[in-house]
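Undergrad: model the following, please.
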Amino acid sequence: MHFPYLMGGIGGQNRKQVMKSRRDFVKLTALSAAFFSINKSFGRGKVHSGVVTKPIVISTWKHGVEANADAWRILSTGGRALDAVEKGVMNTESDLTNLSVGLGGLPDRDGRVTLDACIMDEHANCGSVAFLEHIKHPISVARMVMEKTPHIMLVGEGAQKFALEQGFKKEEFDRTPESDKAWKEWLKKSEYKPASNFENHDTIGMVALDANGNLSGACTTSGMGYKLHGRVGDSPIIGAGLYVDNEVGAATATGTGEEVMRICGTHLVVELMRHGKSPEEACRIAVERIVKKQPQKSKELQVGFIALNKYGEYGAYCLQPGFNYAT
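TA: Take a look at the predicted model:
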């Protein structure tokens, strides 16, 4: 398996196409739609005579390159996809210079950093935390919820209490110097107008297929900067920000979470793959459904999906230019 690399735009491939290498150059194209453009690019994976290509890991945004490297250390030695996706996104959570994930993320409008995360394995076990403060690795707390409680989601003070009981350390700072500076600058006008460019993202989502043919996924975020205190987006919601069906495939989402939740986006992507769509086709249809429901609003926001099926094929699609992912 090659070292993970950055894929510009959106990618995908068809099972019938046998490609020489995942290092094929990214080709950018665009599909015109009413009021705006839906954008895609192609990053090809390998499929040889119907044999599953595994293991493989893909993740959203350029910070996925380093995250994938950590995940690959587990996958390349026969490790479980669940362990790989947790370890991978922990890399991004640990980066306090990242303004969209972890404790370094931009605060809400009250100046508080609140974190959301979820994780799901090949048996449909899943765990989630939302509105969690002062804990460095929400993805690992989500896994603890999955493995040590009868519940799927814990939120707020209850999630923090559970994390501390499980041995997680409470980080006392409220904001990093970088996020504090950005927040104080935002307070001068206090306007909330998320841009639809490549900076309009707030997650790392990762899905993986291990050597045993099992899928898992993880998604973690600090949420949109300057959100209303208490806002929770799609990232910790099973079926919205992340979904895994080991018979079919896995998908994760990024961008404006409210729009992903309206269509149960990642569940939709996986169900479309169940009915024979390629990963890219499934992601495209999900994006088009968002547009159909809110065509005027779609000009002002970004949403992207990435998906991976049981054949080791991967693909993605987004609403606006600028989205990228790593594999």
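Undergrad: what helices and strands are in contact with the helix or strand harbouring Asp180?
TA: According to DSSP states H and E, Asp180 maps onto helix 177-187. On a contact count with 3 or more CB pairs under 8 Å, 6 or more residues apart in numbering; DSSP states H and E, helix 177-187 meets no helix or strand. The C-beta positions use only the backbone N, C-alpha and C, and glycine is treated the same way.
Undergrad: so which elements touch the following helix or strand past that helix?
TA: Downstream of helix 177-187, the next assigned helix or strand under DSSP H and E is strand 203-209. With contacts taken as 3+ CB pairs under 8 Å, 6+ apart, strand 203-209 sits against strand 56-60, helix 64-75, helix 81-93, strand 215-221, strand 242-245, strand 249-255, strand 303-309.
Undergrad: can I get those in JSON lines including mean pLDDT and mean neighbour count?
TA: Shown next, in JSON lines, are the helices and strands packed on strand 203-209 (pLDDT from 0 to 100; neighbours: other CB atoms under 10 Å):
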{"stretch": "strand 56-60", "mean pLDDT": "96", "mean neighbour count": "29"}
{"stretch": "helix 64-75", "mean pLDDT": "96", "mean neighbour count": "22"}
{"stretch": "helix 81-93", "mean pLDDT": "98", "mean neighbour count": "26"}
{"stretch": "strand 215-221", "mean pLDDT": "98", "mean neighbour count": "31"}
{"stretch": "strand 242-245", "mean pLDDT": "98", "mean neighbour count": "28"}
{"stretch": "strand 249-255", "mean pLDDT": "96", "mean neighbour count": "32"}
{"stretch": "strand 303-309", "mean pLDDT": "96", "mean neighbour count": "31"}
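Undergrad: could I get the ones you listed as a markdown table with distance to Tyr317?
TA: Conversion of the helices and strands packed on strand 203-209 to a markdown table gives the following (distance: least, CB to CB, whole Å):
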| stretch | distance to Tyr317 |
| --- | --- |
| strand 56-60 | 12 |
| helix 64-75 | 16 |
| helix 81-93 | 21 |
| strand 215-221 | 17 |
| strand 242-245 | 16 |
| strand 249-255 | 11 |
| strand 303-309 | 6 |
